[in-house]
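Peer 1: missing the sequence, but the structure's below:
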């Protein structure tokens, strides 16, 4: 049996090729994601471990969530370094001065800082054994007006020694001349770096001399980091945070972990789609191969092979397929990881592909996925093969299941569909986002399973409609193509299901994206009353000089500042919530249109008061007039009175969680020194909005990172952000379509082999090659369109349910992207035509006599 199995596998290797490609794609994404994330993790682990000082000293600060961009830089006196230098076991204490919210502008008024998401950092220059950069040309900065930049930024932005840069920092803008280039000796994490001498850095970055943002402390030989940390803590007392090299490296790695997780999960999402769609392809392939080998399997049974041996024979072929596909997939995964490393290099993160990490777990995961998926997919066909009777060797019969009733599928599909519908209905009526999201996930899984199980039941009614015009348009060829698609509903359903999975995902996410876009558009129309909003490109705060420049523009009627702050709010129900709030100026009513459940804007902006969103207030037993304790992260703690409660249907104000906002004076009193996050501007009656925009853009020309946006610009910005998510979904669809095309090609190719004698007879009685190719193309198109319609129907149902979850977050609008729906249907026609090319060509080239004689 083993010899027969191996010979059968080699004899059908061509027919198994496309299934191997599906396994290859699945494994490639799994292996590639693991290799890439392991490589980046080890690279940065080495970077952080080799560059972190023995002990780092920073000022204690309850800044909380670093995602809240306040623009404040936490400092302490640089003279602390002298105290630390006197501690026993300290070899050196270096003052660090750094600001990660600066903008570098070249002589052409272009932003030459990092644009890949990594920060642009201005810091002071000094050299130790742990320095990640070394001076490779020019000289170190020797005073105000001189600076170094890193070599990667110099290369990518075409900068050199002698060029001048403007540095837009928190205290203000200053100009420097590049006097040297520093090159990374380790991995460049993608940041753009500019280095100043320490006195200049203190004055220009922190606003006055004698300040530091941290201390880097080196230990004497024989003194452990932990012991040195304890000694320094005893000397400094309270008010400081200390970390050993290991602790600092762990903290830095944790910050990087979120970025790595995003990439890993995206790639595993691709792997999941490839696995799911590949299962349909493999099931179909083995089912058809077993159907074609009915007589062969019957002969084996007649010669003494028992059912277990036949079943194991088929599973052994699946095992061999999985091993081949997994091996090729692992190699493809290595190539994919290398490609990702090159892409990260283009984005500024220079990784060394020669140091690629392939841990022991990666091949294990690769072969587990590849072999496991193949064996699971082949199990049902293997069981069916085991049921072949020895008498099948005496007759030309199949075990394809064509004639078996679909009653079991109907019952199972109905039960699962009912459970899925109940879950989606529960999602629609739920009042809590968490429970609605859980029911949504359950409903999506159950309805997908139900559609796959019950799909063959829909083949005959749907394809009769879809192919109804074929006989009229193409005569007998159209009639035969329709009947071929109806011949085996299980096979047609499984082939279409591969395409359905990807399209249902796209349909659901497209509806969600369109609904989100429409909701944001309506919310912007409803709540934004300003003619223009001034913001940084990266949404970080900008220096005070930008606000002053805008304030000086002629034709201005209203200017309202918005400044963000991290808050820790203790509420009447005893709960403490970490959230974000905003401070705004007193003319806020002129630039925002809010509805209030209690109070008004004037009450909210009185000294010592704040406003919050109604839903948040109701959850925590807050009423107008309630007192809440508010910790301003990095600042003071104050008891504030709730002066107003906004109606959540309007978006709840400029804050996010809780919609909290207050007067700018209240914020400044408890947390002075922040930077503005946005400016809301209205034109005067004597100035047109077009004239004001031109004046604002002219005034802000020296600040290329700052943008002036009106309502239309804001809507476009939201659309672009939502489009990023949709592009990812479309990429998943592309992968699903590739595998689905492989499935359709495989089904048609095996079907051509299966119908060789039939094709020969049709050719013998006058069917031309052109007509034969047309018949196969029409069959392919109707299967592809059937899968697309199933996917769209399922995706639209999911989209409606997703919109109900979004409605709980205030995004109540619903929209269907009909352009996407039409494009998917037309695309499915193209997919069907493309998938039919090779099978149709092969069928048309068959020798008629040889085909008739085929067994």
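Peer 2: In hand now; what should we look at? Remember, it's a predicted structure, so these values are computed and weren't measured experimentally.

Peer 1: for the protein, which spans come out with low pLDDT?
Peer 2: The chain contains residues with pLDDT under 70 at 12-16, 18, 61-69, 115-117, 255-260, 291-294, 347-354, 391-405, 648-657, 854-855.

Peer 1: now the helices for the stretch 251-400 of the chain?
Peer 2: Counting by DSSP state H, counting those that start in this stretch, the stretch 251-400 of the chain has helices at residues 294-302, 307-346, 361-386.

Peer 1: in JSON lines, list the ones you listed along with mean neighbour count and distance to residue 761.
Peer 2: Any C-beta I mention is one placed from the backbone N, CA and C, and that applies to glycine too. Output for those, formatted as JSON lines (neighbours: other CB atoms under 10 Å; distance: least, CB to CB, whole Å):
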{"stretch": "helix 294-302", "mean neighbour count": "19", "distance to residue 761": "20"}
{"stretch": "helix 307-346", "mean neighbour count": "20", "distance to residue 761": "31"}
{"stretch": "helix 361-386", "mean neighbour count": "20", "distance to residue 761": "28"}
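
Peer 1: closest one to residue 438 among the ones you listed?
Peer 2: helix 361-386 (26.4 Å; CB to CB).

Peer 1: what's the local residue count around residue 5?
Peer 2: 19 (other CB atoms under 10 Å).

Peer 1: and the helix or strand containing it, what does it pack onto?
Peer 2: Element membership for residue 5 (DSSP states H and E) is helix 2-11. Packing partners of helix 2-11 (3 or more CB pairs under 8 Å, 6 or more residues apart in numbering; DSSP states H and E): helix 307-346.

Peer 1: the helix it packs on vs helix 2-11, what angle?
Peer 2: 40 degrees (axes from the mean of the first three to the mean of the last three CA atoms, to 10 degrees).

Peer 1: relative to residue 433, which of the helices of the stretch 251-400 of the chain is closest?
Peer 2: Per CB to CB, nearest to residue 433 of these: helix 361-386, 32.9 Å.

Peer 1: C-terminal to that closest one, what's the next element?
Peer 2: helix 407-429.

Peer 1: distance from that next one to the middle of the chain?
Peer 2: 30 Å (CA atoms, centre = their mean, to the nearest Å).

Peer 1: identify the residues contacting it?
Peer 2: Residues outside helix 407-429 that contact it (CB atoms under 8 Å, 6 or more residues apart in numbering) are 436-437, 439-440, 442-451, 453-454, 456-457, 797-798, 800-801, 804-805.

Peer 1: who are the packing partners of the following helix or strand past the helix holding residue 5?
Peer 2: Per DSSP H and E, the first helix or strand lying C-terminal to helix 2-11 is helix 13-51. Other elements packing on helix 13-51 under the criterion 3+ CB pairs under 8 Å, 6+ apart are helix 245-292, helix 307-346, helix 361-386, helix 711-754.

Peer 1: can I get those in JSON lines including distance to residue 489?
Peer 2: Formatted as JSON lines, the helices and strands packed on helix 13-51 follow (distance: least, CB to CB, whole Å):
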{"stretch": "helix 245-292", "distance to residue 489": "13"}
{"stretch": "helix 307-346", "distance to residue 489": "23"}
{"stretch": "helix 361-386", "distance to residue 489": "16"}
{"stretch": "helix 711-754", "distance to residue 489": "13"}
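
Peer 1: for residue 51, which of those helices is the nearest?
Peer 2: Set against residue 51 and scored by CB to CB, the helices and strands packed on helix 13-51 come closest in helix 245-292, at 8.7 Å.

Peer 1: what's the angle between that closest one and helix 294-302?
Peer 2: 90 degrees.

Peer 1: 801 is where my numbering starts, stick with that
Peer 2: In the new count, where the first residue is 801, that last one comes out as helix 1045-1092.

Peer 1: off-centre distance for helix 1045-1092?
Peer 2: 13 Å.

Peer 1: tell me the angle of it relative to helix 1511-1554?
Peer 2: 40 degrees.

Peer 1: angle of helix 1045-1092 against helix 1161-1186?
Peer 2: 20 degrees.

Peer 1: show me what helix 1045-1092 is packed against.
Peer 2: Using 3+ CB pairs under 8 Å, 6+ apart, helix 1045-1092 sits against helix 813-851, helix 1107-1146, helix 1161-1186, helix 1289-1327, helix 1511-1554.

Peer 1: nearest to residue 1472, out of those helices?
Peer 2: helix 1289-1327 (28.8 Å).

Peer 1: quick revisit: could you dump the helices of the stretch 1051-1200 of the chain into JSON lines with distance to residue 1371 added?
Peer 2: Shown next, in JSON lines, are the helices of the stretch 1051-1200 of the chain (distance: least, CB to CB, whole Å):
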{"stretch": "helix 1094-1102", "distance to residue 1371": "71"}
{"stretch": "helix 1107-1146", "distance to residue 1371": "43"}
{"stretch": "helix 1161-1186", "distance to residue 1371": "45"}
